[in-house]
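Engineer: No letters, just coordinates:
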């Protein structure tokens, strides 16, 4: 439904929609989905009720989906070009640094997508699954990198790229949760360094 | 305030309070703090408004604090005796197994305390800090174990117990988030195995 709506928009309409998504993303990041009403979003984005339903006929759930897509695009972009070329130990180190740089410069810590997925799980399982897809895609890049590392002989033949990627991605997500609760970027750095040590543990 | 209230309760009153906390914990775990109103909690725990305010004069925030304390106690207990004796590689392995067994048997996946802390961050920072303390205490057990491993020479003299504990705990929390989004216990197992590999990377 989101895509159908977007293709019908004029360039000006698309820009307005994007402005609403960005502003609503900040609100929801700060207060959670449950803690942010559509009225809060109208007020915080200076949008009328009819405008909001014009751009998001599916209501809050559709808006949350658009926010997750927007955040996912932003965070994947911040990890490029490393994310697409995790073929060498240097690339993994560069990836680690780009993740730290991205989250270290954010006004709010934590992973917007992971938090959204966690919060939606009980309330809106269909949307939660949709948001979780962004996490799966992200993890897929790590897995693809580990697979290429194994093919090229940098990882041992008995290394398990799927399990290694799961482990690295869990470190990333957990590190991000702890950046929030500890108000420091250090847990993310420690988590990613630990994750890379695990990966090196499977080096050929 | 929570403690003052509790000490004034009769045994029957304390049991009622505990019953409310347990039932409300399940509701909030499923629907998030923001998605659960005090009316939902009254209905779901079969409690009157005046009863709820008798036991939790601080309202929803106080109730959420009691839920976090209850969940923390339960999850720490599930990791005993290993949590107190992380002095050997066998103990770390036993700890890993106890964490998997505990969360594998839970109706909802994910870490109740981590999710609460993340969600409260924007809405109720004082309560979020209070909830985060349970995470800090939990992480402290891992750090104490790593310190004793270094003292006894099982970890290298240049190992950093604080950073190692951060890394292991991030793996645990991230693994728990992914158990939710992937509806499987496997991410937690992969994350903890990765964390133990990181720890072994610092073995003497």
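Structural biologist: That came through fine. If you're wondering where the values come from, they're calculated on a predicted model, not measured in any experiment.
Engineer: Which one of the residues in chain A is closest to chain B?
Structural biologist: Going by Cβ to the nearest Cβ, chain B is nearest to residue A:34 of chain A, at 2.1 Å. C-beta coordinates here come from the backbone N, C-alpha and C atoms, glycine included.
Engineer: Near the closest residue to that residue other than its chain neighbours, how many other residues are there?
Structural biologist: Distances taken as Cβ to Cβ, 6 or more residues apart in numbering or on different chains place residue B:34 nearest to residue A:34, at 2.1 Å, with adjacent residues excluded. Residue crowding around residue B:34 was assessed by other Cβ atoms under 10 Å in any protein chain shown; the count is 20.
Engineer: again with residue A:156
Structural biologist: Residue A:156: 13 neighbours (other Cβ under 10 Å).
Engineer: ok, now which ones touch it?
Structural biologist: Contact partners of residue A:156, counting by Cβ atoms under 8 Å, 6 or more residues apart in numbering or on different chains, are A:150, A:202, A:203, A:204.
Engineer: likewise residue A:91?
Structural biologist: Residue A:91 makes contacts with A:82, A:85, A:145, as judged by Cβ under 8 Å, 6+ apart.
Engineer: which other helices and strands contact whichever helix in chain A runs longest?
Structural biologist: Determined from DSSP state H, the single longest helix within chain A is helix A:125-151. Where contact means 3 or more Cβ pairs under 8 Å, 6 or more residues apart in numbering or on different chains; DSSP states H and E, helix A:125-151 is packed against helix A:59-78, helix A:112-123, helix A:161-182, helix B:161-182.
Engineer: how about that helix: buried residues?
Structural biologist: Within helix A:125-151, the residues scored as buried using 16 or more other Cβ atoms under 10 Å in any protein chain shown are A:127-128, A:130-135, A:138-139, A:141-150.
Engineer: what inclination does that helix have with respect to helix A:112-123?
Structural biologist: Angle between the axes of helix A:125-151 and helix A:112-123 is 140 degrees (criterion: axes from the mean of the first three to the mean of the last three Cα atoms, to 10 degrees).
Engineer: Now find how far off-centre helix A:125-151 is within its chain.
Structural biologist: Distance of helix A:125-151 from the chain centroid (Cα atoms, centre = their mean, to the nearest Å) equals 11 Å.
Engineer: Now do that helix, average pLDDT.
Structural biologist: Helix A:125-151 carries an average pLDDT of 95.
Engineer: Residue A:35 reaches residue B:34, doesn't it?
Structural biologist: Yes. Contact criterion Cβ atoms under 8 Å: residue A:35 and residue B:34 qualify, at 3.8 Å.
Engineer: between the two, what contacts are shared?
Structural biologist: Residues touching both residue A:35 and residue B:34 (Cβ under 8 Å, 6+ apart): B:119, B:123.
Engineer: Can you pull the poorly scored residue ranges out of chain A?
Structural biologist: Where chain A drops to pLDDT under 70, the residues are A:1-7, A:107-108.
Engineer: one more time with 80
Structural biologist: Scanning chain A for pLDDT under 80 picks out A:1-8, A:30-31, A:34, A:106-111, A:118-119, A:121-123.
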